[in-house]
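Colleague: Return atomic coordinates for the entry below.
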Amino acid sequence: MTVGVWVDARAPGVPEAFRSWMRPVRCEAPAGVEALAREGARALAGALEPAGRPRGGAFDLLAADGFVTWACEAALEQADPLEVLHALALRFAGCHDP
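Modeller: Predicted structure coming up:
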């Protein structure tokens, strides 16, 4: 399953404005906690570089929130969800390299 297929399966559905923002390469990556967390980290990095863009990095920040939330949701599908959620929390707290 790819990230795009996994995202499309979310309920409620993903807003089209966000879906169209996802580049095809993001949609083609294999789905999973790591892929979703990586996209969250990329979007967060984009939010920190808003120079010259309308609304700065607001949409990137929303995308980061979505991807990190989905990474947490995917973590719940793992054998040890608490361990995976703990690792995600450390990663996004800056305690672990993304």
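
Colleague: what's stretch 82-96 in contact with?
Modeller: Applying CB atoms under 8 Å, 6 or more residues apart in numbering, the contact partners of stretch 82-96 are 33, 37, 40-41, 44, 68, 71-72, 75-76, 78, 97-98. Every residue, glycine included, has its C-beta placed from N, CA and C.

Colleague: Kindly recompute the last result at 10 Å.
Modeller: Stretch 82-96 is contacted from outside by 33-34, 36-38, 40-41, 44, 64, 68, 71-72, 74-78, 80, 97-98, using CB atoms under 10 Å, 6 or more residues apart in numbering.

Colleague: Inside helices: which ones of those residues?
Modeller: 33-34, 36-38, 40-41, 44, 64, 68, 71-72, 74-75 (DSSP state H).

Colleague: now residue 1: how far from residue 77?
Modeller: With distances taken as CB to CB, to the nearest Å, residue 1 is found 11 Å from residue 77.

Colleague: Show me the common contact partners of those two, please.
Modeller: Common neighbours of residue 1 and residue 77 (CB under 10 Å, 6+ apart) are residue 32.

Colleague: list the contacts for the most centrally placed residue in the chain?
Modeller: Using CA atoms, centre = their mean, the residue of the chain that lies closest to the mean C-alpha position is residue 67, 1.9 Å off. Contacts for residue 67 (CB under 10 Å, 6+ apart) come out as 3, 7, 22, 26, 35-44.
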